[in-house]
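Return atomic coordinates for the entry below.
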Amino acid sequence: MNSLRPSFFGALALTFALSFGQLAHAGPAQDFVRAKHTSLTTELGKAPSPARQKNVEHLMDGFFDFDKLTKDALARHYDDLTESEHNELKALVQALVTKNYRKNIEKTLNYEVAFLGDEAIDGGKGQKVRTRASKRNSGDAPVEITYYLHKKGDAWMVYDVETDGSSMLRNYRNQFGKVIRRDGFGALLAKLQDRLDKT
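Numbering: from 1, shown residues only. Below you'll find the model as predicted:
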């Protein structure tokens, strides 16, 4: 498992568990996460094809709120940018998350996930769903993965994933702010595009 942990902790590399343990204390938010994961893992279990890739991208778009993720990651810099710049950054974030998800899900097919329940956050405006990913037939320590969700319209959507205490959103925010302050927004786009090309 040690060789796999960096993919869990990387700011732009997300590992989401692939096979699902027994449902525990399920609420609507946990049901949403479980259903989306089931659909995604089923799709990724198929042979690679343009159709599979398109379906994965569609499922991811319905799983993550990339608008909120991008806005929250930009923090105070959000209001300094144009709508076109917001959309350009969101497209890169979405592409990176989707690409890394696909790569990591294919590497962790032998992981089993226990759903540990969901609970209200932000005064009832959001939910967090806790899971624990364990490698089958291994004594390696399990990985704790928590999904943070809010309602977008009538639907639950994920805006952050925390892995063993490492938050994707917080890592994005720290990196984005540092690059923008030092080199400007254009440099951030270039760095993300380079990361995407190399992933």
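
Please, where are all the strands along this structure?
Ranges of strands in the chain, per DSSP state E, are 19-20, 111-121, 126-135, 143-152, 155-163, 166-167.

For Leu81, which of these is the nearest?
Proximity to Leu81 (Cβ to Cβ) singles out strand 155-163 among those, at 18.8 Å. Quick note: C-beta positions are derived from backbone N, CA and C, even for glycine.

pLDDT averaged over the closest one - what is it?
Averaged over strand 155-163, pLDDT sits at 93.

hey, C-alpha coordinates of it in PDB?
What follows is strand 155-163 as a C-alpha-only set of coordinates in PDB (Å, rounded to 0.1, in the frame of the first residue of the first chain):
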ATOM      1  CA  ALA A 155     -29.200  17.000  -6.300                       C
ATOM      2  CA  TRP A 156     -26.400  16.200  -4.000                       C
ATOM      3  CA  MET A 157     -22.900  16.900  -5.400                       C
ATOM      4  CA  VAL A 158     -19.400  16.400  -4.100                       C
ATOM      5  CA  TYR A 159     -17.200  19.500  -3.800                       C
ATOM      6  CA  ASP A 160     -14.300  18.100  -1.700                       C
ATOM      7  CA  VAL A 161     -12.600  14.800  -0.900                       C
ATOM      8  CA  GLU A 162     -10.400  14.300   2.100                       C
ATOM      9  CA  THR A 163      -8.100  11.400   2.200                       C
END
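
heads up, I number from 867, so please use that
From this message on, residue numbering opens at 867, which makes the last subject strand 1021-1029.

Show me what it is packed against.
Under the contact definition 3 or more Cβ pairs under 8 Å, 6 or more residues apart in numbering; DSSP states H and E, strand 1021-1029 sits against helix 894-910, helix 932-940, strand 1009-1018, helix 1034-1049.
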